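Pasting a predicted model and its sequence here:
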Amino acid sequence: MITSSHQDARAANLLSRVSEDVSLLRQDIGNLVSHTAHQTVAGGAREFAENARTRIAAGKEYSAEQLRALGEQIKQHPAAWLGGAAAVGLISAGAYLLFRGESGSAHSQAS
């Protein structure tokens, strides 16, 4: 039969080993959290920021390209722009005269 003092020594030894294991586990968890905070999260944020910078630069380049193309279209076809403006003016004047004539005749008939 095992004596009480032997059981106490064995229990104390097991308790000491468990305490040491828990201490090492806490240290490992602390290292893992520290590594995650400093490496993984920071790396993800850097990647996200780089992606955003790339997309902004691409958008800026696309906008500049579209403005240049619009400028070229305006330069290439000034006669078309003037012709279009003249056509819009004539249509507007015709509509004005048509509606003015209708409202004038309706007004004179009411009198």
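Yep, it's here.

and after the longest helix along the chain, which helix or strand comes next?
In the chain, taking DSSP state H as the definition, the longest helix is helix 41-76. Going down the chain from helix 41-76, the next helix or strand is helix 78-110, by DSSP states H and E.

Now do that next one: distance to the chain's middle.
47 Å (CA atoms, centre = their mean, to the nearest Å).

In terms of secondary structure, what does that helix contact?
The contact analysis (3 or more CB pairs under 8 Å, 6 or more residues apart in numbering; DSSP states H and E) places helix 78-110 against no helix or strand. C-beta: built from backbone N, CA, C; applies to glycine.

what's the angle between that helix and helix 41-76?
80 degrees (axes from the mean of the first three to the mean of the last three CA atoms, to 10 degrees).

how close does Leu97 get to Ile91?
11 Å (CB to CB, to the nearest Å).

my bad, Leu82
Leu82 is 15 Å from Ile91, by CB to CB.

do the same with Glu72
28 Å.

Next: Asp28.
In terms of CB to CB, Asp28 sits 81 Å off from Ile91.

Repeat that for Phe99.
Between Phe99 and Ile91 the distance is 12 Å, computed by CB to CB.

give the contact list for the residue nearest in space to the middle of the chain.
With distances taken as CA atoms, centre = their mean, Ala52 lies nearest the centre of the chain, 7.3 Å away. By CB atoms under 8 Å, 6 or more residues apart in numbering, Ala52 lies in contact with nothing.

And it, how close does it get to Ile29?
From Ala52 to Ile29 the distance is 33 Å (CB to CB).

On the pLDDT front, check Ala57 for me.
pLDDT for Ala57: 92.
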